Each structure stands twice: as C-alpha cells, then as structure tokens.
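1. Sequence plus the predicted model coming up.
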Amino acid sequence: MFVYLKDNRKIELPQGSSAKDLAEQLKLNEPAQALGANINGVNRDLTHSLEEGDKVIFWTFDDPEGKEIFWHTSAHALAQAVLRLYPEAKPTIGPPIENGFYYDFGNLQISDTDLEKIEKEMQSIVSENYKSQREVFATKSEALQNFSGNKYKVELIESFSPEDALTGYRQGEYFDLCRGPHLFSLGKIKAIKLLKTAGAYWRGDSKNEMLTRIYGITFPDRKMLKDYLHQLEEAKKRDHKILGPKMGLFSLKEEAPGMPFIHPKGMQIWNQLLAYIRECLDRGGYVEIKTPTMMTRELWELSGHWANYRQNMFTSQIEDRDFAIKPMNCPGGMLFYRSTVHSYRELPLRVAEIGNVHRYEPSGSLSGLFRVRSFHQDDAHIFMKPQDIQQEILNVLKFAEDVYSTFGLEYRLELSTRPPNSIGTEQEWEIATAGLKNALDESGREYKINEGDGAFYGPKIDFHIRDAINRTWQCGTIQLDMSLPEKFELDYIAPDGSRQRPVMIHRAIFGSVERFMGILIEHFAGKFPLWISPVPIRIFTVADRHIPHAEQLQQKFKQAGFLCDVDDSAESISKKVRNAQLDQVNYMITVGDQEVEKGTISVRSRDNVVHNGLDLDTFIATIQAEHKERSLVSLLKKE
C-alpha cells in the first residue's frame, strides 16, 4: 500500500503497517523525532494502523503538537512515580501546559523538598521504558468500574456525554483515564526536572477542595534541560513584576486589581512607544480615531459580544439602560465607518485606535502587566475591496517587521484557517484565506499553517515574537473579519453605483501596550536603549561648588530634547555610579574641577566604558543621532 508524507512524497509500506513502522522506515529514531503522528488531520499514537492513501505528518519536539504528546506522557510518568511513593494519593488531572506539565493529586501532602525523590522515581520508571498502551472502554459503566476507587476520576467520567469515546492509557502497572495520544514508549524522555509544588482547587473552583499540584518539565536531550534551567534563572533576573516597580516604572494596587498605575519613569517609555507607533501609522496612511469607553447594550448585542462575551465585560445601568465598558475597540470602529457614506475611491481605509479596553479576568490569573483587566490595544481596522486583501496584508507584514526589528525582536508567523464552526460561504473563506496565504508567500517569510484554528469570522495570521532569552510571546495579529461588516451592514459605493460590502481586517502590532511594555522590560532586562530609556542621562557632582555647572549642563541636555537629572547628594562618586547603574542610566556624567575648568565632560556609559575629556556639543550630537536612529546600542562605542 502507499501513504503520503507532509511534502506529498509517496511511500510504499506492507499492508497492515503502523505509523511506527513508517517512522522506522524513514529512520526517524532520534529521541526528539516521531513523537506522534497526524493521520488525515487527526493526531494519533504511533501504534495506529495505516491504510491506503493516508496522509501522515510526524510530530517532532520542535512542533507544539510534539511537545504536547511528550509532556502529556511525562505527566503520567509523574503520577506513576507519586503512586509508587505515596500509594494513598489520588491522581486527578495532568495536562501538558506551555512549558512542561503538571499533575494534581488529592490526599497528598508534600513540599518542594520531596521533589528530588519523586524525580528519581520518575527516572527509574523512564529507564524501564514502558510502552504506552491505549485501551478503549466499551461503555461508561466499564470506565466507572475501572476508576471506582477514585472519586475525581468518577466525577470526570460522569461529566462526559454517552456519545463520548472513553479511553485510558497503561504504562507498566499504572493506568489512567486519558484521550491521548501518547509517546510510543517512555525511553524518549532523556531529561527530567520537577520544578515546584502548589495548591490548586479541584476543577479550578474555589468552592472545591484544595489539591496538591506538582509542576515539571522533560526533554528528549539533557542539553535542552540545561538550557531551559538557565533560561529560568535569566527569567527570574528579568521578571518585570520585580524590575518594573524597583525601577519606578509602574505599580499595582489592591484598590484597582489588574489595572496598572504607570509612574512618571514608566510614562517616558509609554510616550515614546506611542510616539513611535504613531509615526508608523502616519507612514502607513492610517487615520486615528478615539471611540467611547462605555456604550449601550444594544451595540454589544449587535456585535455579538453581549451573548458570547458578557461574562468578561464590566457592565453598568444608567437611567434604566444597560451599558458595558468596551472589551474591544471593534464595534466603535464599525460605528465610525457607518457614520458617513464611502466611495470605492476611499478604500482601503485604514483606521487606527489606541483604545483603553477592560476585560474581567479572575483575580488568580492576573500577572503583572502580562494579564490585566485594563489595557490599551493598538488596534486598526482596515476596510477594503476584496481585490485589496493581498496588498494590505503585505503592508501590515511590513509594518510589523519594521516595529519588531526596531526592538531587536525576532518572530515567527502562523496562519490559521477555517474552523468547523464558522460563518460565511466557502467562496468567501477561499478568497480570504488565499489573500493571506499569497501575501505570506510573497513576503518570503516562513510560516506555519494551523488547519482549522482560525476565528469563526475569518482566517488570521499571528506573530509570535522571540525575546533576548529565547522565550516566545504571541503579540501581533492580522484577522480577516466577514462577520462585523455584515452585522453592521457596512457598505461602499462601487464604480457601477451599487452598494458593496467591504472586506475588513483587524490588526494589532503591540497587541496590548501594557503587555508589550512588560515584554520589553524583560527583553532588555531593564537596560532600555536611549530612545525609550526612563533615565537616559544623570549628572554627578563631586562637590557642592560644582552644582551650578551641573545645572547648566542639565539645561543644555533638556534643550537638546533629553531627560536628565542631577545627583548632587553627599554620597561618594562610586556610590552615585552604583546607584545610577541600578537605575540603568544610559550615560553618567561626572562634573569636577577639571570639567568645569576645561569645559569638557567625562562620560561613563552603561556598559562601564569611561570617555574622558569629551566635547559637550559633540556628545550631544552623538546621542541625538543615537536617539534618532533608535539604536539598540551606544554610538559612543563607534568612536
């Protein structure tokens, strides 16, 4: 029989071969290879039998699907180890997460000091190289009988509908309820680290009992684990929740949970970010608008948010009318477009809004600037004719490239296509998806296709940026929307005088300005480039008699457009330098007798290089060029 690979290669196999047989024929034997397979669009174990004409994609550890299979299997190995050491424990659920996995246990009292022995037991289990065996329950009753001693599993099984297929996975003596898929065998797992314990409510409900959660991560290579642990240490040093308040950039108050206070130094970064994005908007031919923060229930019913998103919205009642604070800028943008008649000559119409939106997030999920209840989206809605789609997507791709490269951020692209539950005709989806795909192809950038993962109202492109320590963050997005123009009955006058429905793109580059700021704090580890630095220049006085000269210098820097402060305290110069370094000041200028007498300056850059006897005007011209270029490094190094 013949099967087909991802690149449409045709492979001949004996009848009755499994995905594992195909992987072996292709010599995909390394620990990070062939972790599972996608067969005709469905993820399967390698034990799955192949049939004539099957299309097979093998998942590696580089693929999100591969990691999910790897870490899901690892979670079962963790539960197996816990039960060997603590037979009275009751396993509940153990899913893969973004980085690793966790497993929640009832009737288990341990601390972080117990993780080492659990980890050793996991290593022992992995060394036994058990094969994963998938078992299908004929009925729900059979599944309930298998897990009758575990009330958590019983509750899960009872929650499934009679039509749901119930399966379990066995590895050695351990058997667990699971839909899979799993690794073929545990020998693929070459490195294990249990990270921490935590409390967690059963099924995430604070009304339920508290369970013990164990977090862990595994890899198919020891070096991967070493690199990951190094990344964790770096991440701790860069944690914006610590660095931001320490540097006086922002704070979070109990009086406004999830709604950050941006401080004066933080506003220096904020204002520069917005000034920069507005420069980009101007170059891109955008107009900018501002829409109301609170609008009536009728608007949100029309947009569909009231029915589908109300639980995440802050609502109010005024004069017997229901209102909601906007969780998104889109409906206001639709009202703006509808406020006047548009001709085809105006299109594409690019409308930007940096709007303050509010979304209810559970208090337990709030995290610094990364997960908040109040944030600003750098939205834009681009209204166009169908034939404009490809070029407009190319324009947004170029926009994003310019922005991310300015901050030294690399990124990857993912295209998500039509999901099962979607609106619009087949033809509309074909035109929309082809527009996005053709633009991506023309851009020359590599991208991944996520089949069936688009929004219900249209396909989308997501930008996953990579920071200085190799972490990825989903920030920008381009989404084609066939729903809102229809709901709001938007139109334009075509050349023949008829009224036509415009195609619309939602796009964001920063995404959330607050979150992007948090990412930058961690990306730069607080060491911001000059153009967005909260404290670009600080002047130190050696003695009180040097204060007047320092103040004159300060005024010259301010006239040149730079923030500058003076440290005229009684501290020693070494202590002043140390304080400035902790504040991540870009340039430190010392003023003493020699500098006053000669009219020169002594500059210490943040990387601790000292430049003595500099001409003031030459230095100002240099840093003005550094600021104008939005350079990521000091231009003094080039002299």
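-> Happy to help now that I have it. Numbering: from 1, shown residues only.
2. what bits of the stretch 201-350 of the chain have low per-residue confidence?
-> Across the stretch 201-350 of the chain, not a single residue meets the criterion (pLDDT under 70).
3. which stretches of it form strands?
-> Along the stretch 201-350 of the chain, the stretches classed as strands by DSSP state E, counting those that start in this stretch are 210-219, 250-251, 261-262, 287-288, 294-296, 315-318, 321-325, 349-358.
4. who does the fourth one pair up with?
-> Counting by DSSP bridges, the strands paired with strand 287-288 are strand 349-358 (parallel).
5. buried set for the strand it pairs with?
-> Residues of strand 349-358 classed as buried by neighbour count (16 or more other C-beta atoms under 10 Å): 349, 350, 351, 352, 353, 354, 355, 357, 358. In this view, the C-beta of every residue, glycine as well, is placed from N, C-alpha and C.
6. swap in stretch 121-133?
-> By neighbour count with 16+ other C-beta under 10 Å, stretch 121-133 contains the buried residues 121, 122, 125, 126, 130, 132.
7. wait, doesn't residue 169 sit right on residue 180?
-> Yes: because the distance of 6.1 Å satisfies C-beta atoms under 8 Å, residue 169 is recorded as touching residue 180.
8. Compare those two (neighbour count), which wins?
-> More neighbours sit around residue 169 than around the other of residue 169 and residue 180, counting by other C-beta atoms under 10 Å; the figures are 21 against 17.
9. quick one on the thing from earlier: as JSON lines, the buried residues of strand 349-358 with distance to residue 559 would be great.
-> What follows is the buried residues of strand 349-358, written out as JSON lines (distance: C-beta to C-beta, whole Å):
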{"residue": "349", "distance to residue 559": "41"}
{"residue": "350", "distance to residue 559": "36"}
{"residue": "351", "distance to residue 559": "37"}
{"residue": "352", "distance to residue 559": "32"}
{"residue": "353", "distance to residue 559": "34"}
{"residue": "354", "distance to residue 559": "29"}
{"residue": "355", "distance to residue 559": "35"}
{"residue": "357", "distance to residue 559": "38"}
{"residue": "358", "distance to residue 559": "40"}
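10. nearest to residue 114, of these?
-> Out of those, the one with the shortest distance to residue 114 is residue 358. That distance is 42.0 Å, counting by C-beta to C-beta.
11. count of residues packed around residue 46?
-> Residue 46 sits with 24 neighbouring residues when counted by other C-beta under 10 Å.
12. Would you convert the strands of the stretch 201-350 of the chain into TSV that also reports distance to residue 53?
-> As requested, the strands of the stretch 201-350 of the chain are exported to TSV (distance: least, C-beta to C-beta, whole Å):
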stretch	distance to residue 53
strand 210-219	35
strand 250-251	57
strand 261-262	58
strand 287-288	52
strand 294-296	53
strand 315-318	53
strand 321-325	51
strand 349-358	46
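13. Return the most buried member of those strands.
-> Across the strands of the stretch 201-350 of the chain, the average number of neighbours (mean count of other C-beta atoms under 10 Å) peaks for strand 210-219, which reaches a mean of 22.
14. so what sits against both of residue 169 and residue 180?
-> Taking C-beta atoms under 8 Å, 6 or more residues apart in numbering as the contact criterion, the residues that touch both residue 169 and residue 180 are 132, 134.
15. which residues of the stretch 451-600 of the chain fall in helices?
-> Using DSSP state H, counting those that start in this stretch, the helices of the stretch 451-600 of the chain run over 484-487, 513-523, 547-559, 573-582, 593-598.
16. so of these, which one's packed in deepest?
-> helix 513-523 (a mean of 24).
17. follow-up on the earlier one: for residue 73, state which of the buried residues of stretch 121-133 is nearest.
-> Nearest member of the buried residues of stretch 121-133 to residue 73, counting by C-beta to C-beta, is residue 132, at 6.5 Å.
18. Kindly check the end-to-end length of stretch 480-498 for me.
-> Across stretch 480-498, the terminal residues are separated by 23 Å (C-alpha to C-alpha, to the nearest Å).
19. Please enumerate residues in contact with that stretch?
-> When contacts are defined by C-beta under 8 Å, 6+ apart, stretch 480-498 is touched by residues 302-304, 330-331, 334-335, 337-338, 341-344, 346-347, 383, 385, 389, 423-424, 428-429, 432, 435-436, 455-460, 499-506.
20. low-confidence ranges in the protein?
-> Low-confidence segments of the chain, defined by pLDDT under 70, are located at 637-639.
21. The closest residue to residue 627 other than its chain neighbours and residue 276: what is the separation?
-> Distances taken as C-beta to C-beta, 6 or more residues apart in numbering put residue 531 closest to residue 627, at 4.8 Å, once the chain neighbours are dropped. Taking C-beta to C-beta, to the nearest Å as the criterion, residue 531 is separated from residue 276 by 8 Å.
22. Can you check which residues contact both of those two?
-> By C-beta under 8 Å, 6+ apart, the residues touching both residue 531 and residue 276 are residue 630.
23. returning to what we had before: any idea which of the helices of the stretch 451-600 of the chain gets closest to residue 87?
-> Shortest distance between residue 87 and these, using C-beta to C-beta, is found for helix 513-523: 42.3 Å.
24. tilt between that closest one and strand 349-358?
-> Interaxial angle, helix 513-523 versus strand 349-358 (axes from the mean of the first three to the mean of the last three C-alpha atoms, to 10 degrees): 80 degrees.
25. Show me what helix 513-523 is packed against.
-> The criterion is 3 or more C-beta pairs under 8 Å, 6 or more residues apart in numbering; DSSP states H and E, and the helices and strands that helix 513-523 contacts are helix 222-238, helix 240-246, helix 264-283, strand 374-384, strand 472-481.
26. which other residues reach that helix?
-> Residues from elsewhere that reach helix 513-523 (C-beta under 8 Å, 6+ apart): 235, 238-240, 243-244, 249-250, 260, 266, 269-270, 273-274, 354, 368-370, 372, 375-378, 407-409, 465, 467-469, 473, 475, 510, 528, 532.
27. now swap in stretch 311-328 and tell me
-> Residues from elsewhere that reach stretch 311-328 (C-beta under 8 Å, 6+ apart): 291-297, 300, 305-306, 309-310, 332, 355, 357-361, 377, 379.
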